[in-house]
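Visitor: A predicted structure for the sequence below; I have some questions about it.
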Amino acid sequence: MTFVRGISRKLHHVMQMDDSLLILPFMQDPSNLGEILQDALNHYYLVEKLFVKQCALAEANTEFMAEYERLNDMEESKQIHAFPKSEEDWRLIAKDFEEKWNFPHALGAVDGKHVRIIPPANSGSFYFNYKGYHSLVLLGIVNANYEFILVDFGGNGRISDGGVLEYTEFYRRLISNKLNVPKHATCEDLPFVFIGDEAFSLRENFMKPFRQKNLTEDRRVYNYFLSRARRVVENAFGILSARFRIFHTAISLKPDNIDAVVMACCVLHNFLRRKCASSYITAADLEGSTTEDNPLVGLRIGHNRNCSLDPKSVREMFVSYFRVTSTT
């Protein structure tokens with residue numbers, strides 16, 4: 001409650017609202033926190049002097065992050081943004097994916113989005129992306145419950161294809177086998193993998209769909225199940241941008257402050273998803289309608305390097321698995 005009340009006071013100062021409008025309803029009924037924050041953000045975007053208030057909201061989010069770090073020793077706080085640290089943690093995520101989305105041994109759905117910014121002075125084309133505007137790249141890994149288990153933000157917009165993954169600490173740990181990913185499969189000898197779209201490179205531990213050209217029926221079935229499971233990350237980004245309207249405009253702040261705002265929004269997303277899911281996420285969000293007008297643009301499908309036979313053979317293992325399970 002401490003960090004929620006802290007950001008509420010800051011928002012009150014920014015919007016010149018009555019403090020009771022934000023704090024008292026939450027104290028009376030914590031379940032409607034999502035509605036309170038949503039109303040506050042809606043009001044914030046209806047007032048005048050958007051740029052000034054945008055900066056003030058950045059300060060509010062920065063304050064939230066500071067408050068959140070001070071609570072980091074609390075077990076409840078750890079659960080909001082906890083990254084899996086053991087094989088058991090990863091197995092629990094994989095179990096959720098199999099039970100909810102029928103994709104076995106999935107450790108997370110990966111995607112990246114461009115966050116529109118006003119570039120710093122004298123930055124030239126450093127942040128200029130393939131869509132024709134300046135951006136920073138937000139890479140997210142999402143579990144089966146639409147929660148971010150990892151967020152990496154700050155890659156410049158010029159890195160506009162799957163290569164953005166290779167610049168992250170997550171990727172360095174993945175290829176060096178330092179993520180404690182389970183090594184012993186239990187389901188048709190399938191390995192544990194992350195899943196993504198065509199923008200990423202195929203690896204032994206990272207699956208993506210086949211190209212649409214000349215698809216066999218078995219590969220079409222595999223694409224269906226992978227895309228169905230991977231949709232959670234698309235929906236998570238759609239929900240994030242629909243609830244936090246700062247993503248609907250070019251953010252005009254210093255890069256460090258942009259980082260604080262975006263990371264705070266992702267933490268708030270996880271918090272609201274767990275604490276008041278019914279008011280934070282609607283049926284339309286889960287059906288994917290929020291992704292249709294999502295201002296966060298996806299990564300470009302690039303010319304990925306040819307992979308070795310091992311990743312291809314792993315993908316064919318999943319093809320065989322779905323061929324069997326879809327006919328039984």
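Guide: Here it is on my side, so go on. Residues are numbered from 1 along each chain as shown.

Visitor: Show me which positions of stretch 249-266 end up buried.
Guide: Buried residues in stretch 249-266, counted by 16 or more other Cβ atoms under 10 Å: 251, 253, 255, 257-266. Placement of C-beta: from N, CA and C, glycine included.

Visitor: If I look at N180, what pLDDT would I see?
Guide: What the model reports for N180 is a pLDDT of 90.

Visitor: correct me, but R173 touches N180?
Guide: No: R173 is beyond contact range of N180, at 9.4 Å (criterion: Cβ atoms under 8 Å).

Visitor: Save the buried residues of stretch 249-266 as CSV, and put in secondary structure too.
Guide: Compiled in CSV, those are given as follows (DSSP: H, G, I helix; E, B strand; the rest coil):
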residue, secondary structure
I251, strand
L253, coil
P255, helix
N257, helix
I258, helix
D259, helix
A260, helix
V261, helix
V262, helix
M263, helix
A264, helix
C265, helix
C266, helix
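
Visitor: Specify which member of the residues you listed is nearest to D89.
Guide: For these, the closest approach to D89 (Cβ to Cβ) belongs to C266, at 19.0 Å.

Visitor: Distance check, that closest one against F200.
Guide: To F200, C266 is 20 Å away according to Cβ to Cβ, to the nearest Å.

Visitor: just D256 next, same as before
Guide: D256 sits 28 Å away from F200, taking Cβ to Cβ as the criterion.

Visitor: for the stretch 1-150 of the chain, which spans come out with low pLDDT?
Guide: 1-82 (pLDDT under 70).

Visitor: In the chain, what residue spans correspond to strands?
Guide: Ranges of strands within the chain are 106-116, 135-142, 148-156, 193-195, 206-207, 297-298, based on DSSP state E.

Visitor: just so I know, which of the ones you listed lies nearest G238?
Guide: Closest to G238 of those, according to Cβ to Cβ: strand 106-116, at 9.9 Å.

Visitor: by contact count, what packs against the closest one?
Guide: When contacts are defined as 3 or more Cβ pairs under 8 Å, 6 or more residues apart in numbering; DSSP states H and E, strand 106-116 packs onto helix 87-101, strand 135-142, strand 148-156, strand 193-195, helix 217-243, strand 297-298.

Visitor: So which residues make contact with the fourth one?
Guide: Outside of strand 193-195, the residues that reach it under the criterion Cβ atoms under 8 Å, 6 or more residues apart in numbering are 103, 105-110, 141, 174, 204-208, 226, 229-230, 314.

Visitor: Tell me which residues of that strand come out buried.
Guide: By neighbour count with 16+ other Cβ under 10 Å, strand 193-195 contains the buried residues V193, F194, I195.

Visitor: Could you dump these into a markdown table and include pLDDT and distance to S278?
Guide: Below are those laid out as a markdown table (pLDDT from 0 to 100; distance: Cβ to Cβ, whole Å):
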| residue | pLDDT | distance to S278 |
| --- | --- | --- |
| V193 | 95 | 32 |
| F194 | 96 | 29 |
| I195 | 96 | 28 |
